[in-house]
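[1] Okay, here's the prediction I keep looking at, along with the sequence it came from:
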Amino acid sequence: MRFWRAAECITGLLLWRYCCDRMASRDGTNWTKIMSNVMANIFGSSPVMPVEKHADVVFRCAKRLRAFFAAAIDGDWEKARTVRADIEALEQEADDRKKEIRLHLPKSLFMPVPREDILELLLVQDKIANRTRDVSGLVLGRKMEIPPSIAEEFLVFVDRNIDAAKQARKSVRELDELFTAGFKGAEVDLVSELIEELDRIETDTDDMGAALRRSVFKIESTLNPIDAVFLYQAIDLIGEIADMAERVGRRLELLLSH
């Protein structure tokens, strides 16, 4: 019954569109524009463009970790504080966009995917910015020293996690095309390939994180015990950036399954 009502509604709207075009040719009134506004109110505008913009902000936030840790390793805490302020501002912008999307995401019956799945995707990608804020706050708050013997390996690990955030953004950027295509066709194959690459990057970060912990363990006896504990915690928080990015891929896979 619900299907037939929807079909009748669409048929009626198409007939109205035809009548509007005929009337416009007679009295000059822009009935087509009026009709478009009505259609937009019923079907809603694309809900994924704001999600894509949120993903951009999240990636820009994660990307600042490279400059932050470079400054921390150099002991330039003034520079680190400046970069941390950038991270906080971007994380706040991501939060604001998340709230705005939640308030205005269409509740239309004609969306090709459940509204809840879009919201779950939004929540997961927002956590990338949250982890970036958390680890930068931890390091700056303690003015944590990264031992010189692991500094290069540490930065490579940071870079690979940023790669994961970048790949997540690249995958999410295809959402609008997926939405337009009704989550079918060649666009699905493209996004699946992007998700597979995201999985490979996340696996790399797991392996690199394990190797970095082993490097810390080798020099653990030379570190203050409390500093060693927080260094391990920082490594875990950085690794969660790639974990959250990989979860973005899982949410996208769920969308593709509809």
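    Good, I have the coordinates. What you are looking at is a predicted structure, and each value in this text was computed from that prediction instead of being measured.
[2] hey, let's count contacts and neighbours off CA atoms from now on
    Fine.
[3] So L155 is in contact with L65, correct?
    No: shown here, L155 and L65 do not form a contact pair, counting by C-alpha atoms under 8 Å, at 9.5 Å.
[4] which of the two has more neighbours?
    Set L155 next to L65 and count neighbours by other C-alpha atoms under 10 Å: L65 wins out with 25 against 18.
[5] who touches both of L155 and L65?
    Between them, L155 and L65 share no contacting residue under C-alpha atoms under 8 Å, 6 or more residues apart in numbering.
[6] The helix or strand hosting R60 - contacts with which helices or strands?
    If you go by DSSP states H and E, R60 is part of helix 48-63. Judged by 3 or more C-alpha pairs under 8 Å, 6 or more residues apart in numbering; DSSP states H and E, helix 48-63 is in contact with helix 77-104, helix 115-142, helix 148-172, helix 175-180.
[7] got the buried residues for it?
    Using 16 or more other C-alpha atoms under 10 Å as the burial criterion, the residues of helix 48-63 that qualify are 48-52, 54-63.
[8] now swap in stretch 75-87 and tell me
    Buried, per 16+ other C-alpha under 10 Å, within stretch 75-87: W77, K79, A80, R81, V83, R84, D86, I87.
[9] Verify the stated contact: the second one with F69.
    I take that to be K79. No: checked against C-alpha under 8 Å, the pair K79 and F69 is beyond contact range at 10.0 Å.
[10] Can you name the residues that contact V188?
    Counting by C-alpha under 8 Å, 6+ apart, V188 makes contact with L178, L256.
[11] If we use 6 Å, what do you get?
    For V188, the contact set (C-alpha atoms under 6 Å, 6 or more residues apart in numbering) is empty.
[12] what about it, helix or strand, and which?
    Residue-wise, V188 maps onto helix 186-218 under DSSP H and E.
[13] Can you check what angle separates that helix from helix 148-172?
    170 degrees (axes from the mean of the first three to the mean of the last three C-alpha atoms, to 10 degrees).
[14] tell me the mean pLDDT for helix 186-218?
    Averaging pLDDT along helix 186-218 gives 94.
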